[in-house]
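1. this is the structure alone, sequence omitted:
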């Protein structure tokens, strides 16, 4: 049996079939292209309406506005592309399309599980009112100032200047401490005086010293309590309120240590060194050396 293989005839036949298929699909492709252009126009109109109505008449965060616009835009494009695909390929029914999307969604969900988790966590974080841009936070040992919140990550600038990019899933699923949620923050300092000093007089001297400090808030009460009998002193727990940023806390501690020390010195109240009493099981022998 002889088989006549004519390369030119084969290529010509394939080109004719491709041309016929293209001609048959051309109306659908043109209609799908036109629909995609209309989808783009609809997206632009919706974004303008969104900016004029919701954004200008609300107090939403800029990050949340950008996130909502991205979600709305992606949703419009997603619906538009699906409809355009059905226009271009009439055999692609909605049932087949939904079935394909169901299988594809499972596969994509397994592959991009962490990405979707961070995306959803980012949206929920943006909806929170308790964490804002320029807030100081602490989570999982990371402490710093929030500089930007995106749909996937949060950018935190540490007090030493380092920038840490934290996935939103970590911030949402772990305890988060918002240090600057209030403008004021309570600070506690332990101060000890010698056992032979008068406790009430010492407390009053410390109180006047704290009240004189510039970094201490006048809106909140100052609390001074005799805390415990220390190894060599009566320890006072001194609490006051100051501004909430970390640098404000350090400045206030510095000032309070200085003014309390100065006030106790001026009042003649001793801040004792640790005392140690050493005992030996047997008497010590003292050997005196002879001068040579």
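-> It's in. Every value quoted in this text rests on a predicted model; they were computed, and no experiment measured them. Numbering: from 1, shown residues only.

2. residue 207 contacts residue 224, correct?
-> Yes - when contacts are counted by CB atoms under 8 Å, residue 207 is listed as touching residue 224 (5.5 Å). Just so you know, the C-beta spots here come from the backbone N, C-alpha and C atoms, and that holds for glycine as well.

3. mind listing the helices for the stretch 51-200 of the chain?
-> Assigned by DSSP state H, counting those that start in this stretch, the helices in the stretch 51-200 of the chain fall at 62-88, 94-111, 113-127, 168-173, 199-211.

4. run through the stretch 151-292 of the chain and note the low-pLDDT ranges.
-> Within the stretch 151-292 of the chain, the segments meeting pLDDT under 70 span 275, 288-292.

5. any idea how far residue 172 lies from residue 152?
-> Look at residue 172 and residue 152: by CB to CB, to the nearest Å, they are 12 Å apart.

6. actually residue 161, sorry about that
-> From residue 161 over to residue 152 (counting by CB to CB), the distance is 23 Å.

7. more crowded one of these two?
-> Remark: of residue 161 and residue 152, residue 152 carries more neighbours, 17 against 7, as counted by other CB atoms under 10 Å.

8. can you get me a residue count around the nearest residue to the more buried one once chain neighbours are set aside?
-> Closest residue in space to residue 152, ignoring its immediate chain neighbours: residue 118 at 4.7 Å, by CB to CB, 6 or more residues apart in numbering. By other CB under 10 Å, the residues close to residue 118 number 24.

9. pretty sure residue 118 contacts residue 153?
-> Yes - with contact defined as CB under 8 Å, residue 118 reaches residue 153; the gap is 7.2 Å.

10. residue 115 reaches residue 152, doesn't it?
-> Yes - the criterion here is CB under 8 Å, and residue 115 meets it with residue 152 at 6.9 Å.

11. show residues contacting stretch 215-232.
-> 184, 186, 190, 192, 194-195, 199, 203, 206-207, 210-211, 234-243, 248, 251-252, 255-256, 272-275 (CB atoms under 8 Å, 6 or more residues apart in numbering).

12. got the end-to-end distance for it?
-> With CA to CA, to the nearest Å as the measure, stretch 215-232 spans 30 Å from end to end.

13. ditto for stretch 212-224
-> 15 Å.

14. so which bits of it are buried?
-> 213, 215, 216, 217, 222, 224 (16 or more other CB atoms under 10 Å).

15. and these, which is closest to residue 126?
-> Here the nearest of the buried residues of stretch 212-224 to residue 126, counting by CB to CB, is residue 217; it sits at 31.3 Å.

16. residues touching the residue nearest to that closest one when sequence neighbours are not counted, list them.
-> In this structure, residue 217 finds its nearest non-sequential neighbour in residue 241, 4.2 Å apart by CB to CB, 6+ apart. Residue 241 makes contacts with 184, 185, 186, 187, 216, 217, 219, 220, as judged by CB under 8 Å, 6+ apart.

17. next, the buried residues of the helix or strand containing residue 241.
-> Using DSSP states H and E, residue 241 sits in strand 234-243. By neighbour count with 16+ other CB under 10 Å, strand 234-243 contains the buried residues 234, 235, 236, 238, 240, 241, 242, 243.

18. what about residue 217, which helix or strand?
-> Using DSSP H and E, residue 217 sits in no helix or strand.

19. for residue 118 and residue 153, list the residues in contact with both.
-> Here residue 118 and residue 153 share the contacting residues 167, 168, scored by CB under 8 Å, 6+ apart.

20. can you count the residues close to residue 188?
-> Residue 188 is flanked by 11 other residues according to other CB under 10 Å.

21. verify the stated contact: it with residue 242.
-> No - taking contacts as CB under 8 Å, residue 188 lies outside contact range of residue 242: 11.5 Å.
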